[in-house]
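Visitor: Kindly return the folded structure for what I paste below:
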Amino acid sequence: MKKRAAALCGAAAVLAGMITSIPADASAGSATAPRTTLTTAKPTWKKCGTSKYPTLQCASLKVPLDHSKPHGRQITLALSRVPHTAKTYQGPLLVNPGGPGGSGLSLAGFVASSLPKAVAAQYDIIGFDPRGVGASKPALDCRPGYFNPVRPDSVPSTPAIEKANLARAKAFAKACGKKYADLLPYIDTVSAVRDMDSIRAALGAKKINYFGYSYGTYLGAVYAKLYPQRVRRLVLDSIVDPSGVWYEDNIGQDYAFNDRHQAFMAWVAKHDATYKLGTDPAKVEAKWYAMRGALAKNPAGKKVGASELEDTFIPGGYYNGYWPSLAEAFAAYVNDKKTAPLVAAYENLGAIDASGDNGYSIYTAVQCRDASWPRDWNQWRKDNWAVYDKAPFMAWSNAWYNAPCAFWPTKTLRPVNIANKALPPTLLFQATNDAATPYQGGVTVHHALRGSSLVVEQGGGNHGITLSGNACLDKYLAAYLTNGKVPHGSGVADAVCKKLPDPEPPSTKAALSTASDGAATGGATLHKLLGSRG
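Guide: Numbers count the residues shown, from 1 in each chain. From the prediction side, this is the model:
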């Protein structure tokens, strides 16, 4: 990402300028509004195990829609649990996959099965669907089928294309406001954090342990800010930069994703013997953009136009395990004029189903409510063309993904200043080349949370790096969850781990080994749970 190196020395200065935690209106999302403590009924757990996670249990919990009115309307949160089995019990470990809008129910099973057995056995590992998500009720779906193909080209190269994309964004915001006028003022990070404390109370725990990925790192940091005395252990993996919530963070992503896409192009060029797209990364990239231009005119299978192509390849910026299948589809189209592999890749990685519609509805509801966004579209146009000139891969796709926030029907809050001096030692994980949450976010939060320790995956580009096969990272995670110990170093990072090797094309012996390792460590499973746009 542009200016990435400056984060090392500039993080402390950034913190000094971070916005205060006082919201623009003292309503549901207020970090300062008074709260009434209620006696919360304990969840009733029932078996809901699957073949993959047989010990999983499920329950539900009612919480106030508006936490400033605890006796008012109630909504329901869906919970999951893998109960502890060891004599040594360290309390509940709440887990969250990010988003906002990600379901955490299956993540509990994944974390429980991926941690060393002796460590997992000491915790009740608790997953939950945040308010409005998945099995929680009510669940939002503002405009079903919003991402159905074929959408307008994301790059507004003509006034007509820009008008079509603007009409879509406005229609989505209007539909949300009409359908969920009673809910949208209460779909935000602080309200979700209040829900987390209701979960804590219902579990009968004085303190919680927390493990969050991606947006889940911001959720955890905000919980820690509001309830520092209730945090026992805190693990944040792939860390949101709290100083850019949310407009600036999304623009920062664009540069980092462009870098990551170019890394993928270089990988394809390295494996020219397999993909036959050339050995020069710049020329390989030119072929990708030529493919994009052709699909804008003639979508593959009447499904994959230019925007859908971006949807298909953006997940490769989150997880390099997708690179071989993406490269195969890319090569088949360019070299053999075959569209079926590209359509299959889109359906596997890029297509949005009803669950995705729900996730996107929550994503917009939270991000548009959490912080102010430019209301003048001229500002968006100026900023995103400037980004596109230097980092075209995801610039306009990301802009339109967030564009409903320019027309959102609720008032906005101010982001929470997560700076914290009242926490026990906390553990942070960050890859240096992460695109979704660029490296500077990890450094900034490391400075903001006094006493935190930062473990860096040097050269790593995946988003979500623990429990993905890197034994060095997982060693620090397991030690911390076992006894609370964190590494201490003299530099920006307290510990550095080497990145895992990039995947190999599936025709090689090395790829068979990589695939076997991935299946054993759950890297592919984790990234399906985290999803993209997280």
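Visitor: Show me where the stretch 301-450 of the chain has its strands.
Guide: Under the criterion DSSP state E, counting those that start in this stretch, the stretch 301-450 of the chain carries strands at the ranges 427-431.
Visitor: And the helices in it?
Guide: Assigned helices in the stretch 301-450 of the chain, in chain order: 306-313, 315-318, 323-336, 340-345, 354-370, 377-390, 395-402, 439-448 (criterion: DSSP state H, counting those that start in this stretch).
Visitor: Which elements pack onto the longest one?
Guide: When you say that, I think you mean helix 354-370. Applying 3 or more Cβ pairs under 8 Å, 6 or more residues apart in numbering; DSSP states H and E, one finds that helix 354-370 contacts helix 159-179, helix 189-202. To be clear about C-beta, it is placed using only N, CA and C from the backbone, and glycine gets the same treatment.
Visitor: Go again with 10 Å.
Guide: Other elements packing on helix 354-370 under the criterion 3 or more Cβ pairs under 10 Å, 6 or more residues apart in numbering; DSSP states H and E are helix 159-179, helix 189-202, helix 215-226, helix 247-270, helix 395-402.
Visitor: Same check on the shortest one?
Guide: Packing contacts for helix 315-318, counted by 3+ Cβ pairs under 10 Å, 6+ apart, involve helix 247-270, helix 323-336, helix 523-530.
Visitor: is it possible to export the ones you listed to a markdown table including distance to Lys179 and mean pLDDT?
Guide: Shown next, in a markdown table, are these (distance: least, Cβ to Cβ, whole Å; pLDDT from 0 to 100):
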| stretch | distance to Lys179 | mean pLDDT |
| --- | --- | --- |
| helix 247-270 | 24 | 98 |
| helix 323-336 | 35 | 98 |
| helix 523-530 | 27 | 91 |
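Visitor: Counting neighbours, what do you get for Ala273?
Guide: 10 (other Cβ atoms under 10 Å).
Visitor: quick one: secondary structure of it?
Guide: Recorded secondary structure, Ala273: helix (DSSP: H, G, I helix; E, B strand; the rest coil).
Visitor: my guess is it meets Glu504, correct?
Guide: No: with contact defined as Cβ atoms under 10 Å, Ala273 does not reach Glu504; the gap is 11.4 Å.
Visitor: so how far is stretch 336-345 off the chain centroid?
Guide: On the basis of Cα atoms, centre = their mean, to the nearest Å, stretch 336-345 sits 28 Å off its chain's mean C-alpha point.
Visitor: i'd like the first residue to be 14 from this point on
Guide: Got it, first residue is 14 now, which makes that one stretch 349-358.
Visitor: Just the C-alpha atoms of it, please, in CSV.
Guide: Taking C-alpha atoms only, stretch 349-358 is exported to CSV below (Å, rounded to 0.1, in the frame of the first residue of the first chain):
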residue,chain,number,x,y,z
ASP,A,349,-8.1,-21.4,-25.3
LYS,A,350,-11.1,-19.0,-25.4
LYS,A,351,-12.8,-21.3,-22.9
THR,A,352,-15.3,-19.5,-20.6
ALA,A,353,-16.5,-22.4,-18.5
PRO,A,354,-13.6,-22.4,-16.0
LEU,A,355,-14.1,-18.6,-15.5
VAL,A,356,-17.8,-19.1,-14.8
ALA,A,357,-17.0,-21.9,-12.4
ALA,A,358,-14.5,-19.7,-10.6
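Visitor: what comes up buried for that stretch?
Guide: The neighbour-count check on stretch 349-358 (16 or more other Cβ atoms under 10 Å) flags Thr352, Pro354, Leu355, Val356, Ala357, Ala358 as buried.
Visitor: In CSV, list the residues you listed along with distance to Pro438 and pLDDT.
Guide: As requested, the buried residues of stretch 349-358 are exported to CSV (distance: Cβ to Cβ, whole Å; pLDDT from 0 to 100):
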residue, distance to Pro438, pLDDT
Thr352, 53, 98
Pro354, 48, 98
Leu355, 48, 98
Val356, 49, 98
Ala357, 46, 98
Ala358, 43, 98
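Visitor: Please tabulate those residues in CSV and include distance to Ile478 as additional columns.
Guide: CSV is the format used below for those (distance: Cβ to Cβ, whole Å):
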residue, distance to Ile478
Thr352, 34
Pro354, 29
Leu355, 29
Val356, 31
Ala357, 28
Ala358, 24
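Visitor: Of the residues you listed, which pair is most distant in space?
Guide: Thr352 and Ala358 (10.5 Å; Cβ to Cβ).
Visitor: Between those two, which contacts overlap?
Guide: Counting by Cβ atoms under 10 Å, 6 or more residues apart in numbering, the common neighbours of Thr352 and Ala358 are Ala313, Val317, Ala342, Ala345, Tyr346.
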